[in-house]
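S.K.: From the sequence below, what's the structure:
(4 chains)
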There are 2 protein chains.
Amino acid sequence: MTTRQDLLDTLAQVGKALGHGHRLALLERLAQGEAPVETLATTADLTVGNASAHLQHLRRAGLVTASRSGKQMIYRLTDQRVVTLLSLMREVAETNLAEMERLVSRLFADDNADGALETVSMDELVSGLKRGSVALLDVRPEDEFRAGHLPEAMNIPLDQLETMLAELPRDREIVAYCRGPYCVLSHEAVRKLRALGYQVRRFDEGFPEWKAAGLPVQ
Amino acid sequence: MTTRQDLLDTLAQVGKALGHGHRLALLERLAQGEAPVETLATTADLTVGNASAHLQHLRRAGLVTASRSGKQMIYRLTDQRVVTLLSLMREVAETNLAEMERLVSRLFADDNADGALETVSMDELVSGLKRGSVALLDVRPEDEFRAGHLPEAMNIPLDQLETMLAELPRDREIVAYCRGPYCVLSHEAVRKLRALGYQVRRFDEGFPEWKAAGLPVQ
DNA sequence: CAAACATTCTAACAATCGTTAGAATAAAAT
DNA sequence: ATTTTATTCTAACGATTGTTAGAATGTTTG
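M.R.: Predicted structure coming up:
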């Protein structure tokens, strides 16, 4: 007779899995594409052992799966819907938690100075690309770019930006994007490029949201 | 410099709030409509003190709000999106957790015997209502019905079903619904009515999902 | 088959969370 | 004013979770 509560308890495992900052960091990286444990540990700034433990947790909750490739274990999201789940959590948190707003504005504090915070929405980006009026700049690390990116985007990881300026167009607007709304890479890129006189704005979401929306990826 | 992780930690509060069966039970009840603490405690089968503690937790995570009415505190969801969040968690859990399937089929074990498990989807229900070919039966308790229900539904709480059979049509198919996919009330109702020869099926979701889909409610 | 490498497992400990019973608060009814 | 009713707060305790360091496992490479 207690089956209903068992069901809710099992469902709660999914919530529990989403209930720790380190696991959200791991999921954010996995939303860019599959990766081995060590990569995940480094991007989430965890020891390998700890990352592994959190990944087991995510696995038990059905959010990720793993398969062996040589001596590495490659983890990936089980489901595109996990990305949607994260976006939805973000939306709910942003509209209902004051703390959230405070932190977001602090994270992007630098931008407020020079208007770099002006962003491009997904709809706007889609139509800009259709018209051919924008050049897409992916500033994520190369391995994430290789695992999937927006169509016709060029990849210049943030730390190589200065040395690869020649690649960038001067005659079209540039739109920079990265891992998602809380990723600072594209912010940094926009700030630097603006200072150099480029016409550039930031996509207000990231690669995972683009893909989860069913838009084409390469 | 640790602001990004602070942000993820704050976001994780939402996950954490969704990470306990008792809180999911409270949210499921709140998805039917606002309610005072005692009602919430009884439907979730908790002591009032415990329910109150969980509600504080949900409040801090921005999922519910409360306002005083006389000596009662009335709780409600902050956001329709919380219902969507729950549905999405359910979908992800159902497709990726074997345990989930096992529990769902056990919860509805009785149905497998007599084919009562045949359900009506939301689309099917919408078109059935448009054609006027189905009668809607809401088997939730009266207070939940009063707080909102599907258009033109009649309310017969499950425990009064036998005494109110006269209300039910014999010439049209009946569709019974209740709180959601894991609510057993409509299952029970279908089983009883089938035994009495009524033509009746179960809506495979519930009132909250109908409302969250933006369909009209009364 | 031994060594190197990537990951998981184990045990331990601290930190957090859930529950309970009872005290405290706040509004309404007498 | 006092009592009643509804809820929250407090303190305590046990249960669960997160982290670490190091041992164990499994795979590839020499």
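S.K.: which stretches of chain A form helices?
M.R.: A:3-17, A:21-30, A:37-44, A:48-60, A:81-96, A:98-107, A:109-114, A:122-131, A:142-146, A:185-195, A:207-212 (DSSP state H).
S.K.: Just give me the neighbour total for the residue lying closest to A:Leu46 once chain neighbours are set aside.
M.R.: Leaving aside its chain neighbours, A:Leu46 sits nearest to A:His22 (6.0 Å; criterion: Cβ to Cβ, 6 or more residues apart in numbering or on different chains). Where C-beta positions appear, they are placed from N, C-alpha and C, glycine not excepted. Using other Cβ atoms under 10 Å in any protein chain shown, A:His22 has 19 neighbouring residues.
S.K.: A:His22 against A:Ala53, yeah?
M.R.: No: the criterion here is Cβ atoms under 8 Å, and A:His22 misses it with A:Ala53 at 9.6 Å.
S.K.: can you list the residues that contact stretch A:147-157?
M.R.: A:32-35, A:129, A:135-142, A:145, A:164, A:167-168, A:177, A:207, A:210-211, A:215-218 (Cβ atoms under 8 Å, 6 or more residues apart in numbering or on different chains).
S.K.: Please convert the buried members of these into PyMOL selection syntax.
M.R.: In PyMOL, this line selects whichever of the contacts of stretch A:147-157 come out buried by 16 or more other Cβ atoms under 10 Å in any protein chain shown:
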select buried, chain A and resi 32+33+34+35+129+135+136+137+138+139+140+141+145+168+177+207+210+211
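S.K.: who's in contact with the residue nearest to the spatial centre of chain A?
M.R.: Centrality entry for chain A: nearest residue to the mean C-alpha point is A:Arg179, 2.5 Å, by Cα atoms, centre = their mean. By Cβ under 8 Å, 6+ apart, the contact set of A:Arg179 is A:28-29, A:31-32, A:140, A:144, A:185, A:206-208.
S.K.: Would you reformat those residues as CSV and include pLDDT and distance to chain B?
M.R.: Putting the contacts of A:Arg179 into CSV (pLDDT from 0 to 100; distance: Cβ to the nearest Cβ, whole Å) gives the following:
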residue, pLDDT, distance to chain B
A:Glu28, 97, 8
A:Arg29, 98, 11
A:Ala31, 98, 13
A:Gln32, 98, 15
A:Arg140, 97, 15
A:Glu144, 96, 16
A:Leu185, 94, 11
A:Gly206, 97, 14
A:Phe207, 98, 17
A:Pro208, 98, 15
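S.K.: so which of those is the most crowded?
M.R.: Top of the contacts of A:Arg179 by neighbour count (other Cβ under 10 Å): A:Phe207, with 27 neighbours.
S.K.: number of nearby residues for the nearest residue to A:Asp79 once chain neighbours are set aside?
M.R.: Counting by Cβ to Cβ, 6+ apart, A:Asp79 lies nearest to B:Val92, which is 5.8 Å off, once chain neighbours are set aside. Neighbour count for B:Val92, taken as other Cβ under 10 Å: 23.
S.K.: Return the distance of B:Val92 relative to A:Glu205.
M.R.: 20 Å (Cβ to Cβ, to the nearest Å).
S.K.: Next up, the contacts around the residue nearest to A:Leu27 when sequence neighbours are not counted.
M.R.: Nearest non-adjacent residue to A:Leu27, counting by Cβ to Cβ, 6+ apart: A:Leu86, 6.3 Å away. A:Leu86 makes contact with A:18, A:24, A:27-28, A:31, according to Cβ under 8 Å, 6+ apart.
S.K.: Between those, which sits nearest DNA strand C?
M.R.: Nearest to DNA strand C among the contacts of A:Leu86 is A:Leu18, at 13.0 Å by Cβ to the nearest atom of the strand.
S.K.: give me phi/psi at that closest one?
M.R.: In terms of degrees, to the nearest 10, the main-chain angles of A:Leu18 are phi -90, psi 0.
S.K.: In contact with it, which residues are there?
M.R.: A:24, A:27, A:63, A:85-86, A:89, B:12, B:14-16, B:18-19 are the contacts of A:Leu18 under Cβ under 8 Å, 6+ apart.
S.K.: If any of these are buried, give me the ChimeraX selection for them.
M.R.: Buried residues within the contacts of A:Leu18, by 16+ other Cβ under 10 Å, are selected in ChimeraX with:
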select /A:24,27,63,85,86,89 /B:12,14,15,16,18,19
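S.K.: Export the contacts of A:Leu18 as JSON lines, with columns for pLDDT.
M.R.: JSON lines is the format used below for the contacts of A:Leu18 (pLDDT from 0 to 100):
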{"residue": "A:Leu24", "pLDDT": "98"}
{"residue": "A:Leu27", "pLDDT": "98"}
{"residue": "A:Leu63", "pLDDT": "98"}
{"residue": "A:Leu85", "pLDDT": "98"}
{"residue": "A:Leu86", "pLDDT": "98"}
{"residue": "A:Met89", "pLDDT": "98"}
{"residue": "B:Ala12", "pLDDT": "98"}
{"residue": "B:Val14", "pLDDT": "98"}
{"residue": "B:Gly15", "pLDDT": "98"}
{"residue": "B:Lys16", "pLDDT": "98"}
{"residue": "B:Leu18", "pLDDT": "98"}
{"residue": "B:Gly19", "pLDDT": "98"}
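S.K.: so how far is chain B from A:Gln13?
M.R.: 7 Å (Cβ to the nearest Cβ, to the nearest Å).
S.K.: Next: A:Leu8.
M.R.: In terms of Cβ to the nearest Cβ, A:Leu8 sits 4 Å off from chain B.
S.K.: That residue is in contact with B:Ala25, isn't it?
M.R.: Yes: A:Leu8 is within contact range of B:Ala25, at 5.6 Å (criterion: Cβ under 8 Å).
S.K.: These two: which is more packed in?
M.R.: With neighbours defined as other Cβ under 10 Å, A:Leu8 and B:Ala25 compare such that B:Ala25 has more, 23 against 20.
S.K.: Could you pull up the contacting residues of that one?
M.R.: B:Ala25 neighbours (Cβ under 8 Å, 6+ apart): A:5, A:8, B:43-46.
S.K.: Quickly note the distance from it to B:Asn50.
M.R.: Note on B:Ala25: its distance to B:Asn50, by Cβ to Cβ, is 11 Å.
S.K.: and if you look at A:Gly33?
M.R.: From A:Gly33 to B:Asn50 the distance is 43 Å (Cβ to Cβ).
S.K.: cool, A:Lys71 as well?
M.R.: From A:Lys71 over to B:Asn50 (counting by Cβ to Cβ), the distance is 48 Å.
S.K.: of the two, who's got more company?
M.R.: Using other Cβ under 10 Å, the more surrounded residue of A:Lys71 and B:Asn50 is B:Asn50, with 13 against 6.
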